[in-house]
Every structure is written in C-alpha cells, then in structure tokens.
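>>> Predicted coordinates and the sequence they were generated for:
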Amino acid sequence: MDWCLDRNDDGTFLPFPFHHPADIRYVTPTLKFANKPFRLWLQRIDAYDENFQNIFDWVERVNTALFRNFDDKYDG
C-alpha cells in the first residue's frame, strides 16, 4: 500500500491506498501466521472439513514455494 495523497480537482487531498500491489515480503509471513489460527477457529465452530483442509494445505504449499523462491533470489 502507498500512503500518498492524491490531489482532487478542487485542490483538496485524499489518501490513495491502492497505488502499489501487495508485497510478497508482507503477504507470505502474514499467511504463515494467520492460517493456523484460522484452521483452529474453523475447527472450533465445527466448520472445518476436507475441502477446507485441502484449501489450506494448498495455500501453505504455494506460500512456502513463493517464500523460498523469493529468499533464494534475493539471498545475500
């Protein structure tokens, strides 16, 4: 996100929060720490099933691959 201001035609300014796409350095750690509590919450409310398990497993595999590829590319 970009916290810059965008100038309106009338000379006033508004925040423009959609300038940059999400950064992998922020998204991958967030997913790593958010998925486990979300799984546990779904289990607690008895909504966790095989479909959710497959989705979360897939997200974790893709997230791990993205993180490792980014780390390998920019290591050191």
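Structure's in. What do you need? Numbers count the residues shown, from 1 in each chain.
>>> what number of residues lie near Arg25?
For Arg25, the neighbour count with other C-beta atoms under 10 Å is 12. Every C-beta, even on glycine, is put in place using the N, C-alpha and C of the backbone.
>>> That one: what's it in contact with?
Arg25 is in contact with Phe70, counting by C-beta atoms under 8 Å, 6 or more residues apart in numbering.
>>> Over to the one 4 residues further on?
Taking C-beta under 8 Å, 6+ apart as the definition of contact, the neighbours of Pro29 are Phe67.
>>> tell me, which helix in this protein spans the most residues?
Identified as the longest helix of the chain according to DSSP state H is helix 50-74.
>>> which other helices and strands contact it?
helix 24-44 (3 or more C-beta pairs under 8 Å, 6 or more residues apart in numbering; DSSP states H and E).
>>> Just the angle for the helix it packs on relative to helix 50-74, thanks.
Put simply, helix 24-44 runs at 160 degrees to helix 50-74, going by axes from the mean of the first three to the mean of the last three C-alpha atoms, to 10 degrees.
>>> Now helix 24-44: average pLDDT?
For helix 24-44, mean pLDDT rounds to 91.
>>> Would you mark the buried spots in that helix?
Across helix 24-44, burial judged by 16 or more other C-beta atoms under 10 Å covers Thr28, Leu31, Asn35, Arg39.
>>> same thing with stretch 40-56?
Applying 16+ other C-beta under 10 Å to stretch 40-56 flags Tyr48, Phe56 as buried.
>>> What is the end-to-end distance of it?
Terminal residues of stretch 40-56 lie 12 Å apart, using C-alpha to C-alpha, to the nearest Å.
>>> and the gap between Asp6 and Phe33?
32 Å (C-beta to C-beta, to the nearest Å).
>>> Taking the buried residues of helix 24-44 together, which two end up most distant?
Farthest pair in the buried residues of helix 24-44 (C-beta to C-beta) is Thr28 and Arg39. Separation: 17.2 Å.
>>> tell me the SS of Ala47?
Classification of Ala47 using DSSP: H, G, I helix; E, B strand; the rest coil returns coil.
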